[in-house]
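**Student:** Quick one: sequence plus predicted model below, questions after.
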Amino acid sequence: MSDMSGNNFYFGDNVTMHGGTGNTGIAKHQTPAGPPPVDPVLQAAVEELRLLVGTLREQVPAASAQAIDDSLPALTTDPGTAPRERHRALMAVAGIAATVGA
């Protein structure tokens, strides 16, 4: 933002106060940039799951391998992945694993 003369430029907060009482500052209600950090324990568990699913994939018929391939993108810690999609993927892999175990 610049003033009318074009000589002043402001980046970020610009506060001007004229008089008043009880002025205590600026309340910041901003969200942090980017997604929140991923818990390292969760990240390690998801990586182990993906490794195990890769091993499982080698032991199943082609149709089941395709179902695993379709599920892998949702097996992530990415906050952009819908919980419903992640649940669907986990259930698909669990069903295939149970069949192999039997």
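**Tutor:** Looks like it came in fine.
**Student:** contacting residues around the residue minimising distance to the centre of the chain?
**Tutor:** Centrality entry for the chain: nearest residue to the mean C-alpha point is residue 79, 1.8 Å, by CA atoms, centre = their mean. By CB atoms under 8 Å, 6 or more residues apart in numbering, the contact set of residue 79 is 35-36. No exception for glycine: its C-beta is placed from N, CA and C like everyone else's.
**Student:** Give me the pLDDT value at it.
**Tutor:** Reported pLDDT at residue 79 in the predicted model: 84.
**Student:** For the remainder of this discussion, apply numbering that starts at 773.
**Tutor:** OK, 773 is where the count begins now, so the last one is residue 851.
**Student:** check which helix or strand covers it.
**Tutor:** Counting by DSSP states H and E, no helix or strand carries residue 851.
**Student:** For it, give me phi and psi.
**Tutor:** Dihedral pair for residue 851: phi -70, psi -10, per degrees, to the nearest 10.
**Student:** Kindly report the same for residue 825.
**Tutor:** Dihedral angles of residue 825 (phi, psi; degrees, to the nearest 10) stand at phi -70, psi -40.
**Student:** again with residue 871
**Tutor:** phi -70, psi -40.
**Student:** I'm done for today, thanks for sticking with me.
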